[in-house]
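Visitor: generate coordinates for the sequence data below:
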Amino acid sequence: QVQLVESGGGLVQAGGSLRLSCAASGRTTSTYAMGWFRQAPGKEREFVATISRTGRNTYYADSAKGRFTISRDNAKNTVLLQMNSLKPEDTAVYYCAAASSGTWYEGRRDDYDYWGQGSQVTVSS
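Guide: Got it, this is the predicted structure:
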């Protein structure tokens, strides 16, 4: 079992930055690839970014490329999502997730076994 708790969300103006943090506990998180997803009101939960167990490999949704950076510190059991140049369309609840699947890099929700409770990010125009 892995427990995930997100923090760092909030209200920011367009063009601003936020850094989300995901604190993991339970089973050693270095055995899982980690990802961030988001869900806007009335929309399905969508993939944002993911990082391999070692942190060597990262993948991003097109909407996040060039603006968001995912990173992890396995010694601290944390995963970060640095979000820059935020846009109103980035407004959503952001979820941290852990995947044991070998296809974690494809960004499919079904590949992720554990989820946090979510953190609200609101970007005003």
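
Visitor: could you report the pLDDT at the most centrally placed residue in the chain?
Guide: Central residue of the chain (C-alpha atoms, centre = their mean): residue 36, 2.0 Å from the mean position. On pLDDT, residue 36 comes in at 98.

Visitor: now the one 5 residues further on
Guide: The confidence metric pLDDT takes the value 93 at residue 41.

Visitor: element containing it, please.
Guide: Per DSSP states H and E: residue 41 is located in neither a helix nor a strand.

Visitor: just to revisit the earlier point, need phi/psi at the residue nearest to the centre of the chain.
Guide: phi -120, psi 140 (degrees, to the nearest 10).

Visitor: isn't it up against residue 46?
Guide: No. Residue 36 sits out of contact with residue 46 when judged by C-beta atoms under 8 Å, with a separation of 10.2 Å. The C-beta positions use only the backbone N, C-alpha and C, and glycine is treated the same way.

Visitor: ok, back up a step: residues in contact with the residue nearest to the centre of the chain?
Guide: 20, 22, 48-50, 70, 79, 81, 94-97 (C-beta atoms under 8 Å, 6 or more residues apart in numbering).

Visitor: between those residues, which is nearest residue 125?
Guide: Of all the contacts of residue 36, the one sitting nearest residue 125 is residue 94; the distance, using C-beta to C-beta, is 18.9 Å.

Visitor: any idea which helix or strand carries the residue lying closest to the closest one once chain neighbours are set aside?
Guide: Computed as C-beta to C-beta, 6 or more residues apart in numbering, the closest residue to residue 94 that is not its neighbour in sequence is residue 38, at 4.8 Å. Residue 38 belongs to strand 33-39 when assigned by DSSP H and E.
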